[in-house]
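J.: Quick check, what structure comes out for this input:
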Amino acid sequence: MVSQASRKNLLKVRVMDFITSTAVLPLLLGCLGIFGLVQLLQWIRMKAYLRKAVVVITGATSGLGKECAKVFYAAGAKLVLCGRNGEALEELTRELTTSSATKVQTHKPYTVTFDLEDPGAIVAAAAEILQCFGHVDILVNNAGISYRGAIMDTTLDVDKRVMETNYFGPVALTKALLPSMIRRRQGHVVAVSSVQGKISVPFRSAYAASKHATQAFFDCLRAEMEQYEIEVTVISPGYIHTNLSLNAITADGSRYGVMDKTTAQGRSPVEVAQNVLAAVGKKKKDVILADLLPSLAIYLRTLAPGLFFSLMASRARKERKAKNS
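T.: This next block holds a predicted model:
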């Protein structure tokens with residue numbers, strides 16, 4: 001009688017014989033070769049798409065925006081850097097132009113200073129942006145502000161301020177630049193949203209609401225711009241190790257000034273910027289850049305909403321207890 005171990009060994013031998021047969025091995029090698037060729041072509045196309053593209057980045061002076069400026073500059077893009085602090089924008093320009101860590105031809109960035117929270121400044125800023133290189137290929141709506149507070153303690157002015165910066169500002173800038181893209185039938189609009197644009201977290205109401213609105217608007221824009229061959233990408237990162245929580249506003253509009261543990265343990269902005277560059281270069285439509293648990297929470301919200309709501313209520317109780325202790 002043949003033992004079970006002998007049967008297993010015999011099966012392994014037959015499998016290996018099948019794999020190494022003249023019919024199968026060339027097929028496997030051919031598939032691997034095709035896959036590698038496809039990957040190479042995608043990489044070449046991405047590099048060509050980004051090289052010399054006119055890229056506008058808002059919120060470019062710090063955090064993710066600053067790192068995005070560095071990776072797009074190194075890719076050979078023509079940058080228009082936007083932010084509220086003109087001196088910081090000039091400092092970033094000097095930092096980029098004195099850098100030698102790139103093998104492609106680079107271009108000195110332009111800077112445009114304005115505040116997304118000021119609706120009256122956006123149309124003039126868009127006109128100034130278009131004057132820099134004559135057109136815009138890629139608009140990266142990155143600038144934003146975070147928030148911490150209980151809904152019942154938060155003044156409506158704070159809700160409006162967060163919405164103005166995170167939603168109405170990017171929408172207004174996008175609308176101001178879209179006509180030139182439509183005329184050229186070429187352009188790419190990027191919205192840096194958040195995982196909180198897909199799920200809501202307690203004591204982040206104003207921020208989550210602004211990011212939910214962002215997700216909805218740019219999803220609609222993607223569908224409407226398809227006829228003009230204009231790309232729309234929404235990037236939804238999880239926690240990033242930046243000063244976002246430090247600069248967050250609270251229920252009364254004051255500065256939060258605390259580095260949250262989740263933020264401190266978040267992904268490196270350098271890593272996220274590289275992911276943003278790749279997502280834009282590959283013209284992806286909707287990208288989640290988050291760890292396993294936040295990613296699972298997004299699906300849980302859809303597939304088991306009752307369980308998700310219970311978990312968020314439990315989180316709210318824990319945060320309230322920690323604050324009161």
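J.: Next, find the distance separating P179 from I230.
T.: Per CB to CB, to the nearest Å, P179 is found 11 Å from I230. Backbone N, C-alpha and C define where each C-beta goes, glycine included.
J.: These two: who's more crowded?
T.: I230 (19 against 11; other CB atoms under 10 Å).
J.: State the distance from the nearest residue to that one once chain neighbours are set aside to S236.
T.: The shortest distance from I230 to any residue other than its chain neighbours is 4.5 Å, reached at G187 (CB to CB, 6 or more residues apart in numbering). Counting by CB to CB, the gap from G187 to S236 is 21 Å.
J.: got it, and E319?
T.: Distance from E319 to S236, by CB to CB: 22 Å.
J.: could you point out which element follows whichever strand or helix holds K47?
T.: K47 belongs to helix 24-50 when elements are defined using DSSP states H and E. Per DSSP H and E, the first helix or strand lying C-terminal to helix 24-50 is strand 54-57.
J.: contact partners of that next one?
T.: 65, 68-69, 72, 77-82, 129, 132-133, 135-140, 142, 177 (CB atoms under 8 Å, 6 or more residues apart in numbering).
J.: before we move on, what about stretch 274-293?
T.: With CB under 8 Å, 6+ apart, stretch 274-293 has contacts from 42, 45-47, 49-50, 64, 68, 71-72, 75, 138, 140, 188, 190, 192, 195, 198, 219, 222, 231-238, 267, 272, 295, 298.
J.: Mind doing that once more with 7 Å?
T.: Contacts with stretch 274-293, where a contact means CB atoms under 7 Å, 6 or more residues apart in numbering, come from 42, 46, 49-50, 68, 71-72, 75, 138, 188, 190, 195, 222, 231-238, 272, 295, 298.
J.: Sort out which residues of it are buried, please.
T.: Within stretch 274-293, the residues that qualify as buried are 275-281, 286-290, counting by 16 or more other CB atoms under 10 Å.
J.: and it, how far from the chain's centre?
T.: Mean-position distance between stretch 274-293 and its chain equals 6 Å (CA atoms, centre = their mean, to the nearest Å).
J.: cool, and stretch 124-131?
T.: With CA atoms, centre = their mean, you get 24 Å for stretch 124-131.
J.: Repeat that for stretch 130-146.
T.: With CA atoms, centre = their mean, you get 14 Å for stretch 130-146.
J.: what's the answer for stretch 159-176, then?
T.: For stretch 159-176, the distance to the chain centre is 17 Å (CA atoms, centre = their mean).
J.: again, but for stretch 76-92
T.: That offset, for stretch 76-92, works out to 19 Å (CA atoms, centre = their mean).
J.: Now it: buried residues?
T.: Going by neighbour count (16+ other CB under 10 Å), the buried part of stretch 76-92 is 76-84, 88-89, 92.
J.: can you check stretch 296-309 too?
T.: For stretch 296-309, burial by neighbour count (16+ other CB under 10 Å) applies to 297-298, 300-301, 308.
J.: end-to-end on it?
T.: End-to-end span of stretch 296-309 (CA to CA, to the nearest Å): 14 Å.
J.: what pLDDT, on average, does it get?
T.: Mean pLDDT, computed over stretch 296-309, is 95.
J.: who touches it?
T.: 195, 198-199, 288.
J.: Now rank these by neighbours and give me the top one.
T.: Of those, with other CB under 10 Å as the count, K198 tops at 23 neighbours.
J.: Low-confidence stretches in the stretch 1-150 of the chain?
T.: Applying pLDDT under 70 to the stretch 1-150 of the chain flags residues 1-44, 46, 100-102.
J.: residue boundaries of the helices in it?
T.: For the stretch 1-150 of the chain, applying DSSP state H, counting those that start in this stretch gives helices covering 4-19, 24-50, 63-74, 86-97, 119-133.
J.: and if you look at the stretch 201-325 of the chain?
T.: According to DSSP H, counting those that start in this stretch, the helices that the stretch 201-325 of the chain contains are 205-225, 261-264, 269-281, 292-303, 305-324.
J.: between those helices, which gets the lowest average pLDDT?
T.: Minimum mean pLDDT among the helices of the stretch 201-325 of the chain: helix 261-264, a mean of 88.
J.: Looks like S245 contacts T262 (just checking).
T.: No - if you go by CB atoms under 7 Å, S245 and T262 don't touch, sitting 8.2 Å apart.
J.: More neighbours: these two, which one.
T.: Between S245 and T262, counted using other CB under 10 Å, the more crowded position is S245 (21 against 13).
J.: who does Y110 bridge with?
T.: Note on Y110: beta-bridge partners V80, judged by DSSP bridges.
J.: and it, how many residues sit next to it?
T.: Neighbourhood size, Y110 [other CB under 10 Å]: 19.
J.: quick one, phi psi at V104?
T.: With angles defined as degrees, to the nearest 10, V104 sits at phi -100, psi 160.
J.: Return stretch 264-275 as CSV; C-alpha atoms alone will do.
T.: The C-alpha coordinates for stretch 264-275 follow below in CSV (Å, rounded to 0.1, in the frame of the first residue of the first chain):
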residue,chain,number,x,y,z
ALA,A,264,2.0,61.4,15.3
GLN,A,265,1.8,57.8,14.2
GLY,A,266,0.5,58.6,10.7
ARG,A,267,2.3,57.9,7.4
SER,A,268,5.2,60.0,6.4
PRO,A,269,4.1,62.9,4.1
VAL,A,270,7.1,61.9,1.8
GLU,A,271,5.6,58.5,1.3
VAL,A,272,2.1,59.9,0.7
ALA,A,273,3.4,62.5,-1.8
GLN,A,274,5.0,59.7,-3.8
ASN,A,275,1.7,57.8,-3.8
